[in-house]
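Q: A structural model of the following input is requested.
(chains A and B)
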Number of protein chains: 2
Amino acid sequence: MEWAQVSGPALIALDWGTSSLRGFLMSAEGEVLAQRQSSHGIQNLPGPGREGFEAAFTDLCGEWLAAHPALPLVAGGMVGSAQGWVEAPYVRCPADVTTLAAHAATVETPQGSVLHIAPGILLDPEDAQPDVIRGEEIQIAGALAEHPEWAEAATVVLPGTHSKWLDVKDGRVTTFFTYMTGEVFAVLAKHSILGRLMPENGEANEEEAKAAFAKGLLAARDSHPGDLTHQLFAVRTLGLTRRLNPVVLKDYLSGLLIGHELTSAAGRTGAGGAGGEGTLLMIGDAALCRRYAEAFDVFGVRCAARLENTAPAGLFRFAGAAGLLPA
Amino acid sequence: MEWAQVSGPALIALDWGTSSLRGFLMSAEGEVLAQRQSSHGIQNLPGPGREGFEAAFTDLCGEWLAAHPALPLVAGGMVGSAQGWVEAPYVRCPADVTTLAAHAATVETPQGSVLHIAPGILLDPEDAQPDVIRGEEIQIAGALAEHPEWAEAATVVLPGTHSKWLDVKDGRVTTFFTYMTGEVFAVLAKHSILGRLMPENGEANEEEAKAAFAKGLLAARDSHPGDLTHQLFAVRTLGLTRRLNPVVLKDYLSGLLIGHELTSAAGRTGAGGAGGEGTLLMIGDAALCRRYAEAFDVFGVRCAARLENTAPAGLFRFAGAAGLLPA
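A: This is a model prediction of the structure:
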């Protein structure tokens, strides 16, 4: 019987977004040895500007660095944006983890170490609207590290506030599209007339909620160009006419918006459509991914796999590409 | 030389909406002899419930009624909604001003008179989403009173917070579609990430603003089903990449949303499209109608006429149909 070699900490990796900061203490083999989390996203720092980033960093990593002062440090996400600790300007498509490593930004920590920050990716075609990702490129690197068989051709969906659909070819991100699905849902439910009929409390029957969600999906699937701002009004009128129980109006709205996202993205990406050739993957929060999986079923789209959080694996690969890990 | 007969007050007509209350003292010939306005829309009353409506009514009309206690009283708009003074339940399509008069609700005023309130119209087809109007049916009645030549077949657009597109045939409203264009614009500009890059102050060059508006319109015109939540993100990325000056990002957003409305509505209504048969008319605020007129130009849609406020004429017709005017 043989034992796998267990090595000590070799890397501190930070997934530093808008609303949260997550840190991973990792081994030379890429295992997560320990992890810590704080609410110090870049919009919620414990102080202004540089001081805020430094305090959040020390709060999360101070003990790890006190015990292992020489560990290399990497980070991805909004910490590298123009509003971040230091800006890591966008690289252009196509890009892979090597491209990210070659364009990393660096900043000195209060402990005197150097933090290497991954850039985001900019898509800026002449004949279409620009688009950007920052953080998702690290998730993709992690997914491809865990599943190298997907590197040749895949479409990856990351549902969320701003859902991202990315095409990967030969290990590189070649194109992507952002959908403001989650944010549009939130602002309409909270700030528009559509939220008026939605009860603050009130448990929906699970079957009824699912049926309302599916009804929204189908309305979206059968829509014509420009229909969304008309269809949104149905969230009100289906409630007014009691065709839908008020407790499931938010499910209908969710189905409508996710359905519009699928309708559009399936046509734009390589594997999103029912007739797509590549593999469709999904990365994200389990509950949200379940919702999207229901939508894929209704649309007849096959999703090959769901992954929960590939950021640690992606940051580990980024660190390797930046030459920060033992060979 | 003959003088037109000038008659005294024969009607008090109220256009009572969500955010404002407007009153018109009218002659037996339908002329507006005097008008008054207050901010006492049904969401902004000077007191709770019935008391609030009564106080707002007396504040606006008390002097008129003191001078002319026997005048008939009519009202249209949200005052007849479930949140109004008294509910005038929706009538079904098709409907004309006679239908409205036959289903008017009544409420007694503090002065002992009876106020006749017009109902809204409900469209509730089995195979499509329900829709409602309340107030617009009075505007339509006014437009047809002023221009009987349009009664045979017309499509009427009323741009606004909730834009309405209505088909009129043989003097009756036969179908209509609501677009939440104005409200979606407002909540996105104020509560979403899209407002972040929009400067609070800063005057746009008029030509630059018009070009950004047209750019948004064209993106909408060329869109595929489901594209809107993706295209919205361009309001951010066109700013980030400096392809658009931040001071005109709101014009781009406006173009995108109005463009989606036109793209969808032109296909749904009788006269909205370039190939439409009927007459396309527009009723509303002059500045907003100018914006829509620019959009019609870009889409190659011919709008036959713009009317500013046809509510007094519509309320006058409603009063006539209700038998409240001298024959």
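
Q: sheet partners, orientation included, of whichever helix or strand A:Val74 is part of?
A: Using DSSP states H and E, A:Val74 sits in strand A:73-76. Strand A:73-76 has its sheet partners listed here by DSSP bridges as strand A:9-16 (parallel), strand A:114-117 (parallel).

Q: model confidence over stretch A:119-128, on average?
A: Stretch A:119-128 shows an average pLDDT of 95 in the prediction.

Q: picking that back up, deepest in the core, which of the strands paired with strand A:73-76 is it.
A: strand A:9-16 (a mean of 24; mean count of other CB atoms under 10 Å in any protein chain shown). No exception for glycine: its C-beta is placed from N, CA and C like everyone else's.

Q: before we move on, back to that, now what about the next helix or strand after the strand holding A:Val74, what contacts it?
A: The element immediately downstream of strand A:73-76 (helix or strand, assigned by DSSP H and E) is strand A:91-92. For strand A:91-92, contacts defined as CB atoms under 8 Å, 6 or more residues apart in numbering or on different chains pick out A:99-100, A:103, A:119-124.

Q: chain center to strand A:91-92: distance?
A: 18 Å (CA atoms, centre = their mean, to the nearest Å).

Q: and what of stretch A:142-154?
A: Distance, centroid of stretch A:142-154 to centroid of chain: 16 Å (CA atoms, centre = their mean).

Q: do the same with stretch A:187-197
A: 25 Å.

Q: and stretch A:189-209, by the same measure?
A: 26 Å.

Q: quick one, helices of chain A?
A: Here chain A has its helices, by DSSP state H, at A:49-67, A:97-102, A:136-146, A:181-191, A:206-221, A:228-231, A:234-240, A:249-268, A:286-299, A:311-321.

Q: ok, which of these comes nearest B:Ala153?
A: helix A:228-231 (22.0 Å; CB to CB).

Q: pLDDT of stretch A:166-180, averaged?
A: 96.

Q: quick one: average pLDDT of the strand holding A:Val74?
A: 98.

Q: tell me the one among the contacts of strand A:91-92 nearest to B:Leu232.
A: After measuring the contacts of strand A:91-92 against B:Leu232 - CB to CB - the closest member comes out as A:Leu123, at 16.2 Å.

Q: the closest residue to the closest one other than its chain neighbours: what's it in contact with?
A: Excluding the flanking residues, the one nearest A:Leu123 by CB to CB, 6 or more residues apart in numbering or on different chains is A:Asp131, at 4.5 Å. Neighbouring residues of A:Asp131 by CB under 8 Å, 6+ apart: A:122-123, A:176-178, B:233, B:237.

Q: ok, back up a step: which one of the contacts of strand A:91-92 has the most neighbours?
A: Among these, the one with the most neighbours (other CB atoms under 10 Å in any protein chain shown) is A:Leu100, at 27 neighbours.

Q: need the residues of the stretch 201-327 of chain A near chain B, please.
A: A:219-220, A:223-234, A:237-238, A:240-241, A:243, A:257, A:259-265, A:267 (CB under 8 Å from any CB of the partner chain).

Q: now, of the residues you listed, which are buried?
A: A:219-220, A:223, A:225-234, A:237-238, A:240-241, A:257, A:259-265 (16 or more other CB atoms under 10 Å in any protein chain shown).

Q: hmm, A:Ile193 is touching B:Val184, no?
A: No: using CB atoms under 8 Å, A:Ile193 is not in contact with B:Val184, being 10.6 Å away.

Q: of these two, who's got more company?
A: Taking other CB under 10 Å, A:Ile193 and B:Val184 do not tie; B:Val184 has more neighbours (27 against 17).

Q: residues contacting the closest residue to the more buried one other than its chain neighbours?
A: Residue nearest to B:Val184 in three dimensions, not counting chain neighbours: A:Thr229, with 5.6 Å by CB to CB, 6+ apart. Residues in contact with A:Thr229, defined by CB under 8 Å, 6+ apart, are B:179-181, B:184, B:228, B:257, B:260-261, B:264.

Q: of those, which is the nearest to A:Gly47?
A: For those, the nearest to A:Gly47 is B:Val184 (36.7 Å; CB to CB).

Q: so what pLDDT did that closest one get?
A: 98.

Q: quick check: bridge partners of A:Ala154?
A: Going by DSSP bridges, A:Ala154 forms beta bridges with A:Val168, A:Thr279.

Q: swap in A:Val74?
A: A:Ala13, A:His116.

Q: nearest to chain B: which residue in the stretch 101-250 of chain A?
A: A:Gly226 (3.3 Å; CB to the nearest CB).

Q: so for that residue, what's the pLDDT?
A: 98.

Q: thought it was touching B:Ser223?
A: Yes: the pair A:Gly226 / B:Ser223 is scored as a contact, 6.8 Å apart, by CB under 8 Å.

Q: what sits in contact with each of the two?
A: B:259-260, B:263.

Q: for A:Ala141, see how far away A:Glu63 is.
A: 27 Å (CB to CB, to the nearest Å).

Q: looking at these two, which one has more neighbours?
A: The neighbour comparison of A:Glu63 against A:Ala141 (other CB under 10 Å) goes to A:Ala141, with 29 against 13.

Q: got a list of what that one touches?
A: A:96-97, A:100, A:310, A:313-314, A:317-318.
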